[in-house]
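Chemist: Need coordinates for the following:
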Amino acid sequence: MMGEMAPSRNQEYVDGSIYRIRLHNFLTYADAELFPGPRLNLVIGPNGTGKSSIVCALCVGLGGSTKVLGRADKMGDFVQHEKESGFTEIELYFARKNVVIRRNIFRDNRSTWHIDNKESTLNKVKEVLSKAKIQIDNLCQFLPQDKVGDFSRMTPTQLLKATQAAIGNGELAGQQEEILKMEKENSTSSHDLVAARARLETMRSENLQRQRDVERIREQEARRIELANLKNKLMWVEYEEQRSRVDKLRRRKAKLKKRLEAAKNAQLEPLKLVLEQERGAVRKIRASKKDVADEKDRVINSLGTIKQQIERAELDETATQAEIQSLHENQRLMKQRLDRERLKEEQLREELSQLPDDAGLREEMVNLQQKFEAINTEIFDLTSSRDNVKREHDRLTSDLHRINDRLAKLDNEKLQRQRILASQDRDCMRAYDWVQQNTSRFQRKVWGPIALEIHVNDKLQAKFLEDTLQNYVLTSFVVECREDYDTMLSALNEGSQRLGVNVLQLDEGRIKAFQRPYSPSQFQTLQDELGITCYLDELIRAPEVIHQILRDHGGVHTMLVGTQLTEDLINRGVDVFSQLTAMNEKAALLTPSKKYVASVSKYGNKTTTTRSNDIRDSRFLAVSSDHQAHRERLLQEKQTKQIEIHACQEKINSVKAREQFLLESKHTANSRQVELREQLRSRQKLMEFISDRRKKIRALEADATKDVSDIEEAFNRKLINVMTKHVKQLLGSREMLMQLLKGVRPNEVVCNLNSTTTEQRVAITHRYLSENEAELQQLKDDYEQVKQTLVQDGKHAVLLKERAERAAPRAQNETNFDTLPDTAVELNAQIDNITAALAHFRGDLRVLDTYEQVQKEIEDEEVKLDRMESNFATLQDRINAIKNPWYAKLTEVVSKINISFAQYFKDIGCVGEIHLNEDGDISKWGIERRAQFRMTGKLTNMTAEEQSGGEKSVGTIMYLMALQNLTNCPFRVVDEINQGMDIHNERKVFSRITKSSCGSRLPQYFLITPKLITGLDYHPDTKVLIILNGPYNIDQTSWNTDDFVGKRQKFL
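Modeler: Reported below is the predicted structural model:
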């Protein structure tokens, strides 16, 4: 049922306070309802009545996680036994209107939510809690019984986080998370920035190495272009030379044709006409010769004179014919010389034909060049592959070194423990450093701290040992004589350092005999029946001196070590401890999860009493065991790396062998290229010789075909003139003879003379005609030969031009041709030189593509790097913009908590302080609580192991009280915080709780406890809620306090 309070009382509640709690079928409650007060609520009652159930109801009913409670994990476990469902109903006070939150819980772990009797969701509930600033998961606000130990075990980092979350609206915690997130992003950005700079530098360095190759490739490309231009121009030069030959042949053809026609018209036809005329005359003379035969004798005397004249004419004719013959002889000799030159040309061509074909040689050169390029490409690929494998080999080797370093660090347990000791007890490690630096001041060996001298095999053994030994034993030093003891105390505890270290003395390091609590037969029985394995000291590896100290101060030689079998026997109810104490009145037993101490009472019926506690985690001794799995992973990774390194080395060796083979092939191909170039040069020389011979032949052919017709014609004219003169002389002689022999048959003489003269003229004319016909035939032959050559050379010129036009149109390449030689010989020489240079090129053309691609990537990386640097600077500014005010606010908060914490400790006669540890990364910052509970002690960090249970409770409640002044939350819950406190401290702590929770507008406070000491001062704002639960209690509806008091007064 919901109850109401007076308005004046309602006004004392702060928004979000617990106004009413109702439980139905929840844990121990079938049905219950209570109304807490607005200030301090003391919830008291015997153990097991359900005090902590109210704490569970607050947590579960306000959407908290079951992990906060440290009890049941499943929601169905909170339903009362043998019930299928239950609910919690919590009414929160708000000035405008209270809010009722109800959570129905079912056995199958389902649950539903209602707000003010309307179905709702967990998110809506969380919105209400957020508005009220309720943080169920913050141990600084909500501290269940099973989490009291968790609070004391909070690391400084966890405490800082919880403190920030409890202050204000948790904005400090949110700011730290944002700073951590940004710093993580900043760290990632920093690493990315470093990596980007390194990557950019690497790319620049690699491209710088490629630059020379790129220049050589570009020079090679220029040579290729020049070679193409040379070959293109060579085609045009060959065409021009062929065209020039065609033009010469065409002019010679025209000239020969003209001479042929002139010879026909001017020489042959007139001679034929003369011959025909002379033959006609001969016929006539022969007809009349008979008539004049008789006149022969009369002119005999005159014939001598006529003969002399004829002989002189014949001499002139012979001389002229000799001149003509000399001209013909010169032509013959020139033809012979021409034939000799042609023979030499044929011999050179024969020698040239004996050499390999030029096209074959050049094709083989091309094939060799392709082979060269293929070999170079493969060598480049192999080199790249080898470099990649080498880099992988170097990376794996570096990884292997790093793994070895990490293994060495893991193997150095002492160094690991030194670090842990330094974080837990700085004074102890300062003392250790001092001892190491001052060994000369001691007479005997100084051992310690003991935590550095002992070793165990695994983490469980480390837990056994640390749970057995007190903290002071693990941090103590051991000396073997009184003088060293005094030296240590005076230097460290009484001097300027005042470290307050523990020093244990074992005179002369003497080892004393010791006795086991059980005989060998008894121990064998324990092994067989209870699963006992050994004594604790048998698990320890340490010098004998340390063993002796551990026996003296820790009783490790009496502590039995059991197994999970032992634990199972105890959990099943087997009376293990009676069996142990029957053999020995006191027994100490360790199992994987608990430590048991059993003893026989000295009074009464000698019953066996047993105490147990959970085995706490080790801090110092489990370094090696904690890292064992990590070490095994590293060893496995090391083996994998070694295999990969071996595989890389095998690849490198294989690539080197292939590279050697390719280099040898390259050398062989290079030698063959030298031979081919030599053969090409030989062919070139022969071709040059042939070209020279061809020029001489052309010159001789030009001389041989030189037109001597004019000279010959002049000689012929001279001959005709001589013959004409001869004929005239003969005619003159005939006339003279006719005059002389008028009376001697003149007609016969004339006929004989005419017959002889005419026949001689016919013979001369016929001979001259035959010679002219032979010369005319030679002209015809020369004409036909020139005509055929002209046709062939003309066709070849057309083909050359078409080839040149296809390969390199003249109009488009005229500029490229201007700077090149104009003769085929010079062009071929340059082509051979450039081809030889190209053949000796040993680069890979792909380097240029790689260079240009990497250059583009470098430009992109530079832009990306500038952007990353700008973003990094901006992020750094953002971090500082949040971090600086956050740090100022945090230090202010910690300072205020420290002032209150120190004052509260001072009120109970102790010393306390709060310190913000700012060492290292901000994620590792933490709040350290330091306390000194005894005058003889020292100010030490509050940890789960350092202080007693009562001291830890005092430290916890004092911190919560100091924090309360800075937090804005409507209520706090602390469950059984006063367990383990002495009466004096409990009274002072209760007084402090009362002052911090009672008064105007202070938040609500729930203090759960099974007992309270007498004589406490109760503030009027305190409300006591007494829990009486069980099967024989009266129903809550019948509860009437006045009736109970009245009945009690009747008996007084």
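Chemist: All the helices of the stretch 101-250 of the chain, residue numbers only.
Modeler: Across the stretch 101-250 of the chain, reading from the start of the chain, the helices by DSSP state H, counting those that start in this stretch fall at 122-132, 148-152, 156-166, 171-263.
Chemist: These into TSV, with extra columns for mean pLDDT?
Modeler: As requested, the helices of the stretch 101-250 of the chain are exported to TSV (pLDDT from 0 to 100):
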stretch	mean pLDDT
helix 122-132	87
helix 148-152	61
helix 156-166	80
helix 171-263	80
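Chemist: In CSV: those, plus distance to I454 and mean neighbour count.
Modeler: C-beta here means a position set from N, CA and C on the backbone, and glycine is covered the same way. Shown next, in CSV, are the helices of the stretch 101-250 of the chain (distance: least, CB to CB, whole Å; neighbours: other CB atoms under 10 Å):
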stretch, distance to I454, mean neighbour count
helix 122-132, 50, 15
helix 148-152, 26, 20
helix 156-166, 27, 21
helix 171-263, 38, 16
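Chemist: To I957, which of the ones you listed lies closest?
Modeler: The closest approach between I957 and any of those, judged by CB to CB, belongs to helix 148-152 at 9.7 Å.
Chemist: Which parts of the chain belong to which domain?
Modeler: The record assigns the chain these domain ranges, following automatic domain parsing: 1-142+994-1004+1022-1052, 413-626.
Chemist: Tell me which of these approaches D818 most closely.
Modeler: domain 413-626 (81.2 Å).
Chemist: Quick one: distance of the closest one to the chain centre.
Modeler: Relative to the mean C-alpha coordinate of its chain, domain 413-626 is positioned 51 Å out (CA atoms, centre = their mean, to the nearest Å).
Chemist: how about CSV for the domains of the chain, with distance to Q639 added?
Modeler: Shown next, in CSV, are the domains of the chain (distance: least, CB to CB, whole Å):
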stretch, distance to Q639
domain 1-142+994-1004+1022-1052, 41
domain 413-626, 20
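Chemist: Output the helices of the stretch 101-250 of the chain as CSV; include the columns distance to R516.
Modeler: Putting these into CSV (distance: least, CB to CB, whole Å) gives the following:
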stretch, distance to R516
helix 122-132, 59
helix 148-152, 34
helix 156-166, 43
helix 171-263, 54
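Chemist: quick one, which of those is nearest to L421?
Modeler: When the helices of the stretch 101-250 of the chain are compared for distance to L421 using CB to CB, the nearest one is helix 156-166, at 16.8 Å.
Chemist: and the angle for that closest one with helix 171-263?
Modeler: Between the axes of helix 156-166 and helix 171-263, defined by axes from the mean of the first three to the mean of the last three CA atoms, to 10 degrees, the angle is 100 degrees.
Chemist: quick revisit: of the helices of the stretch 101-250 of the chain, which is nearest L560?
Modeler: Nearest to L560 among the helices of the stretch 101-250 of the chain is helix 148-152 (26.2 Å), distances taken as CB to CB.
Chemist: Between the helices of the stretch 101-250 of the chain, which one is closest to Y472.
Modeler: Once CB to CB is applied to the helices of the stretch 101-250 of the chain, the stretch that comes out nearest is helix 148-152, at 18.8 Å.
Chemist: Could you say which one of the domains of the chain comes nearest to I225?
Modeler: Set against I225 and scored by CB to CB, the domains of the chain come closest in domain 413-626, at 68.5 Å.
Chemist: Quick one: mean pLDDT over the closest one.
Modeler: Along domain 413-626, the predicted local confidence has a mean pLDDT of 83.
Chemist: nearest residue to V786 other than its sequence neighbours?
Modeler: K253 (4.7 Å; CB to CB, 6 or more residues apart in numbering).
Chemist: residue contacts, the one you found?
Modeler: Contacts were defined as CB atoms under 8 Å, 6 or more residues apart in numbering; by that measure K253 touches Y783, V786, K787, L790.
Chemist: so which strand or helix has the last one?
Modeler: So that's L790. When elements are defined using DSSP states H and E, L790 is found to belong to helix 746-807.
Chemist: Past that helix, which element shows up next along the chain?
Modeler: Following helix 746-807 toward the C-terminus (DSSP H and E): helix 810-818.
Chemist: Report all helices and strands that the next helix or strand after that following helix contacts.
Modeler: Using DSSP H and E, the helix or strand that follows helix 810-818 in sequence is helix 824-839. Using 3 or more CB pairs under 8 Å, 6 or more residues apart in numbering; DSSP states H and E as the contact criterion, the elements in contact with helix 824-839 are helix 171-263, helix 358-411, helix 628-704.
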